[in-house]
Every structure is written in C-alpha cells, then in structure tokens.
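Student: Need a 3D model of the sequence below.
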Amino acid sequence: MAAPRPAPPLPPRAAQDPDSAPEMSLGLEEHLSRAFQDKLRLQMVPAWDSASLLPSRRLLLKRREVVEVERALQAQREDFQQRMERLAQRRQQLGQREEQLRDDTIKFNAFLKAMSARRQRAQQRAGEERARAAQRGAEALRLQQELERLQRRRERLGQRLQSLRVFSDFLQDVRAATGQFQDVPSMLAHFGALVEGRAVLLQQVEARQAVLAQGRAQLQQCCEEADSELTSSNEEALQLRACLEAARSDVLKGETHWAQLQGAEAQTTLLLGQIRMAVLSLFQLTSMRLEVPKDVALEDTEAQLDVLLLCMQDLAAICAELGLCSPVPATTATHPRRHRAVTVPPNQE
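Tutor: Numbers count the residues shown, from 1 in each chain. I've put the predicted structure just below:
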C-alpha cells in the first residue's frame, strides 16, 4: 500500500506577522475616510441651492449631515469591530488547526523517515547478502580455475622432467668422470659461481672501458677548448696589433698637426711682435713730434693704437679745415678712450 503524502504546509498566521497590526490600522483609517467621503458625496446639495439658503440654515444642514455621517461611521465601526472579532476568533481557530496539522505532519514525517530507514536497512542487508553470495561464487570459480591451472602446470612439469632426465644422467656421468664433486648440486653451485665471477669481470671490463671512453672524450674536449682559446687569442692579438698600428698612425697625425699648429702659432707670434714693434715705433715717433700722453705703458699696444688714432683724427680734422682731405673714421676699439686730446706744438704748425 502506498504511503500517504504529507499535508502541504499551511500559510503563516496573520498574528505571527509583526507588520499586520499597523497594516490593519491603516486599512481601518482608509476605510473610514472613504466611507465619510462617500457619505458627504451622497448628501452634498447643489451649489446654486446652497447659495439661496440662509447661513443659519446651511449651518444646521451641515451639522445634520455631520451627525448622520457620524452615525453611519459609528455603525460601520461597530460592524468592522464585529468583523475583526470574528476574524480574530477565526484566526485563533486556524492557528490551533495549524498547530495540530503541524504536529500531525511532524509525526507523519517521522513515521516516513523511520519506514524509509527500515526499508534502506533491509535493502542494504539484502544487497550485502547478494554481494557475499556473488563473492563466494566468484571465489569458488577462481579456486576452480586455479586448480585446473595447477593441474595443467603439474602435467607440463612432469613432461619437462621426463625430457630433462637425459641431462640429469649426463651430469651424473660428468661428476663421476671428474671426481672433484660429491654430488650434482655442488657441481652446479661451483659452475654458477664461475658464471657469476665471469659476469662480474665482464661488468668491471665494461665499467673500465666506459671510464676510458669518458677520459678520451674529456681529453678531446680539452684539446678543442685549447684550440679555440688559442684561435681566439691569435685573433685578439691581431686585433690589438691593428689597434696599435691605428694608434701609432693617429699619434703621427696628431704630432704633425701639433707641429703645424706650433708653426702657425710661431708665425702668428712673430707677426704680432712685428705689429707691436711697428705700433711702438709709430707711437715713439708721434710722441717725439707731438704732445701726446706719456703715461702709456710700452706693453699696452691697444692704448698706443688709440693714441695714434687720435693723432690721425686730429690731423684729419686739421686737413679737413684746410680742405685738403676727408675726415678719418672713428675708432672701433672695444675699450673707452683714456687719453687727452693731441695738441701740435706751435713751432710745428
């Protein structure tokens, strides 16, 4: 028989909701305001009719309307209060019913869980029994196959023993012929030791050959590295030799240029000395014939040139006054003139 389905959960009670009381009060206020507005709308008189009445009459009408609206509202309040009481009773009954249904649901769920657990345990035990039976059958089949395999191996070993009996007889004849061993196993052990010794010697020879090959490879690598280093050293030496030749060429060029500069400097110095000697000679001749300042140093060539230029300007000015030649241009010296004007002695004019 199928188990009955659990009852669906009931909706939560309105009393359990903390926001239900404010919503209810708001609904009551809205309901009363709407009822009051409907009442006023129903008992409202036309504007032209109310304008023709006296103020006292209109006041009485308004008071009567207010009283009627208050009565209607009071009736609605009482009706609403009764409805709220009935709803509270109904809610209480529904809460009790919900609690009862919840308890029944909890009990029924517990019963279903217990039944499900029992069914699972029974199924698990049945599955374990089937697994153990299948395991025993598989173990029996495996043992049967192992027994058959061992029987076949026994038959093969018996056949091989019959085929190797000839070698046993041959070993017995060899032992009897040598006379060095007491039995065949000792002779086979000696032969095995010889084979092992030969294998060890072969391994040692192979290891030494490997070490020798490794040494040869290292020697070859060292020779190649030495050759490469020697080649790189030769190339570096050639590069250094080329750099040395280039440096020597640069040094020769520099020395030649320096000699040229020294020659040009000597010529410039000689020309400068000649110019200074010529300026000094002209200054001395001018100072001998004209009244020029005497405080000019012999090494101050620029001052001497300024004095000579002043003399030439004065002579040019005199010639210009006499109408003999054009005036001499002004000096281009960078320092200011520091000397007095040049005067010609009266005896030379």
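Student: Packing partners of the helix or strand where Gln81 lies?
Tutor: Using DSSP states H and E, the element containing Gln81 is helix 55-178. If contacts are counted by 3 or more C-beta pairs under 8 Å, 6 or more residues apart in numbering; DSSP states H and E, helix 55-178 sits against helix 20-42, helix 184-289. In short, each C-beta sits where N, CA and C put it, glycine included.
Student: Redo those helices as JSON lines? Include distance to Phe167.
Tutor: Below are those laid out as JSON lines (distance: least, C-beta to C-beta, whole Å):
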{"stretch": "helix 20-42", "distance to Phe167": "107"}
{"stretch": "helix 184-289", "distance to Phe167": "10"}
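Student: The ones you listed: lowest mean pLDDT?
Tutor: When the helices and strands packed on helix 55-178 are ranked by mean pLDDT, helix 20-42 comes last with a mean of 55.
Student: hang on, the earlier thing: just give me how far the helix holding Gln81 sits from the chain centre.
Tutor: With C-alpha atoms, centre = their mean, to the nearest Å as the basis, helix 55-178 stands 49 Å off its chain's centre.
Student: Equivalent analysis for stretch 187-207, please.
Tutor: The answer for stretch 187-207 is 64 Å, by C-alpha atoms, centre = their mean.
Student: Grab the CA positions of that stretch and hand them over as PDB.
Tutor: Output of stretch 187-207 as PDB, limited to C-alpha atoms (Å, rounded to 0.1, in the frame of the first residue of the first chain):
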ATOM      1  CA  MET A 187      79.000 -29.200  -9.100                       C
ATOM      2  CA  LEU A 188      76.200 -26.900 -10.400                       C
ATOM      3  CA  ALA A 189      76.900 -24.400  -7.500                       C
ATOM      4  CA  HIS A 190      80.600 -24.300  -8.500                       C
ATOM      5  CA  PHE A 191      79.600 -23.700 -12.100                       C
ATOM      6  CA  GLY A 192      77.100 -21.000 -11.000                       C
ATOM      7  CA  ALA A 193      79.900 -19.300  -9.000                       C
ATOM      8  CA  LEU A 194      82.200 -19.400 -12.100                       C
ATOM      9  CA  VAL A 195      79.400 -17.900 -14.200                       C
ATOM     10  CA  GLU A 196      78.800 -15.100 -11.600                       C
ATOM     11  CA  GLY A 197      82.600 -14.400 -11.500                       C
ATOM     12  CA  ARG A 198      82.700 -14.100 -15.200                       C
ATOM     13  CA  ALA A 199      79.700 -11.800 -15.200                       C
ATOM     14  CA  VAL A 200      81.400  -9.600 -12.500                       C
ATOM     15  CA  LEU A 201      84.600  -9.500 -14.600                       C
ATOM     16  CA  LEU A 202      82.700  -8.500 -17.700                       C
ATOM     17  CA  GLN A 203      81.000  -5.700 -15.700                       C
ATOM     18  CA  GLN A 204      84.300  -4.500 -14.500                       C
ATOM     19  CA  VAL A 205      85.800  -4.500 -18.000                       C
ATOM     20  CA  GLU A 206      82.700  -2.600 -19.300                       C
ATOM     21  CA  ALA A 207      83.000   0.000 -16.500                       C
END
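Student: Name the residues of it that are buried.
Tutor: Met187 (16 or more other C-beta atoms under 10 Å).
Student: what about Leu280, neighbour count?
Tutor: 14 (other C-beta atoms under 10 Å).
Student: Check Glu128 and give its pLDDT.
Tutor: 89.
Student: ditto for Leu309
Tutor: Looking at Leu309, the pLDDT reads 84.
Student: So which other helices or strands are in contact with the host helix or strand of it?
Tutor: Leu309 belongs to helix 301-322 when assigned by DSSP H and E. Here helix 301-322 touches helix 184-289, going by 3+ C-beta pairs under 8 Å, 6+ apart.
Student: Point out the other helices and strands that the helix it packs on packs with.
Tutor: Applying 3+ C-beta pairs under 8 Å, 6+ apart, we find helix 184-289 packed against helix 55-178, helix 301-322.
Student: Return the most buried member of the ones you listed.
Tutor: Ranked by mean neighbour count, the helices and strands packed on helix 184-289 are led by helix 301-322 with a mean of 16 (mean count of other C-beta atoms under 10 Å).
Student: and that one, how far out from the chain's middle?
Tutor: With C-alpha atoms, centre = their mean, you get 85 Å for helix 301-322.
Student: what angle do that helix and helix 184-289 make?
Tutor: Interaxial angle of helix 301-322 relative to helix 184-289 (axes from the mean of the first three to the mean of the last three C-alpha atoms, to 10 degrees): 40 degrees.
Student: coming back round to it: looking at the helices and strands packed on helix 55-178, which is nearest to Met115?
Tutor: Closest approach to Met115 among the helices and strands packed on helix 55-178 (C-beta to C-beta): helix 20-42, 39.2 Å.
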